[in-house]
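Enquirer: One predicted model, sequence on top.
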Amino acid sequence: MSAKNWRALNKGKHQLSLRLFLLLNAISACFSMVSPIYHTAAITVPVVLVLLLSTAFLIWQLVDKQRLININSVSFLLGVIWAWHVVIKNNAIPATDASFLIIALLSILFIGSISFINNLQAFILHCLPVALTIAWLDQGEHWPRVLYSIALPAIGITIQHIIQRRNDKFTQRLMNKLLEEKETLNDLSMIDPLTGLYNRRGFQNRLENVLAAGSGNHYVLLLDIDHFKAYNDNYGHSMGDQALIRVSAAIRDAVRSRDIVTRYGGEEFMVLLTNIDADVALQTAERIRQRVYDLKILHLFNEQVATNVTISIGLSPLEDDGIDEALRMADQALYRAKGQGRNNILTSDSLQAA
Ligand SMILES: Nc1nc2c(ncn2[C@@H]2O[C@H](COP(=O)(O)OP(=O)(O)OP(=O)(O)O)[C@@H](O)[C@H]2O)c(=O)[nH]1
């Protein structure tokens, strides 16, 4: 999951709480009309407005799921309308009874806290207009009860908000770490563990970048260690591995950093020399062959060729017919190079000329 997806998920979560908020407001408005606390002014303009607006927003949300409604504006708007309703009702009921104010306050705080448990801003914006209106209407007469009714959910929501933010931060850190590790694993999956060179997957990935960067003259080298089976058979697999590591390093050191060196198979390597002339490509192949020879890795069972490890190389240009064709040509050249005594280089051009 990317950071973008994470933000989208969070937005989606908030939009869900908005739907719950609208639903509770619509129900509460209906209830105020059908079963009012005091039978005076049961259907007020603001309560009808709350019902209409909540239903309209709710339908809009359900029909157009992609649309993100501004939660803060809606919660504030409905809070103000409820405050208006409280003023009208309060003026119409017996002055001595404060229970209406407390019940109205509790209903608003209940809806706010249920819907916006994870959205402190929306909670405050919704509850503040009603809380201030009630504090003003009560004129301090029942201030402990009013204060308690406001403070309890406010403190609860604030603590919940802090916990949620910590959880979100933790989850986000965890997600970033996982993304980093995924990236590392992805990189590792492109590297041959023994030699540290690219494997075929890594090569493919780098090749795409090279080709995307534009046209140029590229050359493919296929390199194969001579008589490596004999080396393994006589010196053991573990020594064979060491030889492979040293040969890989020699190849890597003999080319430029922009060239792509790949372990193509067991004791076979492939190098893509990028943006290079034919002459320089041939010189580079010769430099690689010489560097491997100069490692002087003892190989007495290579004696038809030398008494140390050697490699043979097939070279072919990468042309419009693609990498597979270039590899096929390089492979043919390598096969011939082996046939001609090993420890040498043959180009695909020389095969065609022959
Ligand atoms: N130690 C070691 N040996 C490997 C590895 N991968 C392949 N090999 C060995 O490389 C040898 C390749 O042998 P062959 O394909 O017969 O070729 P060759 O003996 O090099 O002969 P020519 O290529 O004709 O010169 C086999 O013995 C494989 O076991 C590896 O990762 N480690």
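Expert: That came in fine, so what should we check first? Numbers count the residues shown, from 1 in each chain.
Enquirer: What's the separation between residue 221 and the ligand?
Expert: Distance check for residue 221 against the ligand: by C-beta to the nearest ligand atom, to the nearest Å, it reads 15 Å. Just so you know, the C-beta spots here come from the backbone N, C-alpha and C atoms, and that holds for glycine as well.
Enquirer: who touches that residue in this structure?
Expert: 269-273, 281, 284-285, 288, 313-315, 330 (C-beta atoms under 8 Å, 6 or more residues apart in numbering).
Enquirer: What about the residues you listed, which are in helices?
Expert: Taking DSSP state H, the ones among those that sit in helices are 281, 284-285, 288, 330.
Enquirer: any chance of the residues you listed in JSON lines, plus pLDDT, distance to the ligand and neighbour count?
Expert: Below are these laid out as JSON lines (pLDDT from 0 to 100; distance: C-beta to the nearest ligand atom, whole Å; neighbours: other C-beta atoms under 10 Å):
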{"residue": "281", "pLDDT": "96", "distance to the ligand": "22", "neighbour count": "22"}
{"residue": "284", "pLDDT": "97", "distance to the ligand": "21", "neighbour count": "21"}
{"residue": "285", "pLDDT": "97", "distance to the ligand": "17", "neighbour count": "25"}
{"residue": "288", "pLDDT": "98", "distance to the ligand": "16", "neighbour count": "26"}
{"residue": "330", "pLDDT": "97", "distance to the ligand": "15", "neighbour count": "26"}
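Enquirer: Out of the residues you listed, which is nearest to residue 85?
Expert: Nearest to residue 85 out of the ones in helices among the contacts of residue 221 is residue 330 (C-beta to C-beta; 83.2 Å).
Enquirer: Was I right to think that closest one contacts residue 315?
Expert: Yes. Using C-beta atoms under 8 Å, residue 330 is in contact with residue 315, at 6.2 Å.
Enquirer: Just give me the residues shared between the contact sets of those two.
Expert: 220-222, 348.
Enquirer: most neighbours, which of these?
Expert: Among these, residue 221 has the most neighbours (other C-beta atoms under 10 Å), with 28 neighbours.
Enquirer: out of everything not next to it in sequence, what's closest to that one?
Expert: The shortest distance from residue 221 to any non-neighbouring residue, by C-beta to C-beta, 6 or more residues apart in numbering, is to residue 271 (4.2 Å).
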